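Enquirer: no sequence for this one, just the structure:
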């Protein structure tokens, strides 16, 4: 119960940053919208990203609470290369992580990783 309250507090603390960092979807090019939609699909797919197994994010149903909430991602990872490195091989930064190395083990393709990053930057 305490962990859920802590995660809720963390999510709320990023709300102000999130409001400032979001670009209205209506102003995005059609290609960007498609990439973001693909990234969300990959992130939610249980056979691909399966981010909801461990993270609270966006409008996901029944999220896990092993990982941090995926909010204010542009503020947390202003350098896309660092976010990509985290997705490709999270063990490089934390040897004890439970997060799978999506790039290192070829769980996701480069295009899928790029799309997930674009999607995460909308959160």
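Expert: That came through fine. Since this is a predicted model, take the numbers as computed values, not measurements. Numbering: from 1, shown residues only.
Enquirer: how about the helices in the chain?
Expert: Assigned by DSSP state H, the helices in the chain fall at 2-13, 15-21, 30-44, 73-76, 80-88, 110-120.
Enquirer: Pick out the shakiest of those helices, pLDDT-wise.
Expert: Note on these: helix 15-21 shows the lowest mean pLDDT, a mean of 45.
Enquirer: From what I see, residue 115 and residue 48 are in contact.
Expert: No. The pair residue 115 / residue 48 is not scored as a contact, 10.4 Å apart, by CB atoms under 8 Å. C-beta here means a position set from N, CA and C on the backbone, and glycine is covered the same way.
Enquirer: More neighbours: which of the two?
Expert: Taking other CB atoms under 10 Å, residue 115 and residue 48 do not tie; residue 115 has more neighbours (23 against 16).
Enquirer: quick one, what contacts that one?
Expert: If a contact means CB atoms under 8 Å, 6 or more residues apart in numbering, then residue 115 has 35-36, 38-39, 42 as its contacts.
Enquirer: can you list residues touching both of residue 115 and residue 48?
Expert: With CB under 8 Å, 6+ apart, residue 115 and residue 48 have common neighbours residue 42.
Enquirer: that older thread, ok, the contacts of residue 115 vs residue 109, which is closest?
Expert: When the contacts of residue 115 are compared for distance to residue 109 (CB to CB), residue 42 comes out closest, at 9.3 Å.
Enquirer: Look up how far residue 110 lies from residue 68.
Expert: For residue 68, the distance to residue 110 equals 25 Å [CB to CB, to the nearest Å].
Enquirer: So if I had to pick from the two, which one is more boxed in?
Expert: Comparing residue 68 with residue 110 by other CB under 10 Å, the one with more neighbours is residue 68, at 14 against 11.
Enquirer: May I have the phi/psi pair for the more buried one?
Expert: Per-residue torsions, residue 68: phi -70, psi 160 (degrees, to the nearest 10).
Enquirer: distance of residue 74 from residue 99?
Expert: From residue 74 to residue 99 the distance is 20 Å (CB to CB).
Enquirer: cool, residue 73 as well?
Expert: 15 Å.
Enquirer: which one of these two has more residues nearby?
Expert: residue 73 (21 against 17).
Enquirer: So what's the residue count around the nearest residue to residue 92 once chain neighbours are set aside?
Expert: Distances taken as CB to CB, 6 or more residues apart in numbering put residue 85 closest to residue 92, at 6.7 Å, once the chain neighbours are dropped. Counted with other CB under 10 Å, residues neighbouring residue 85 total 15.
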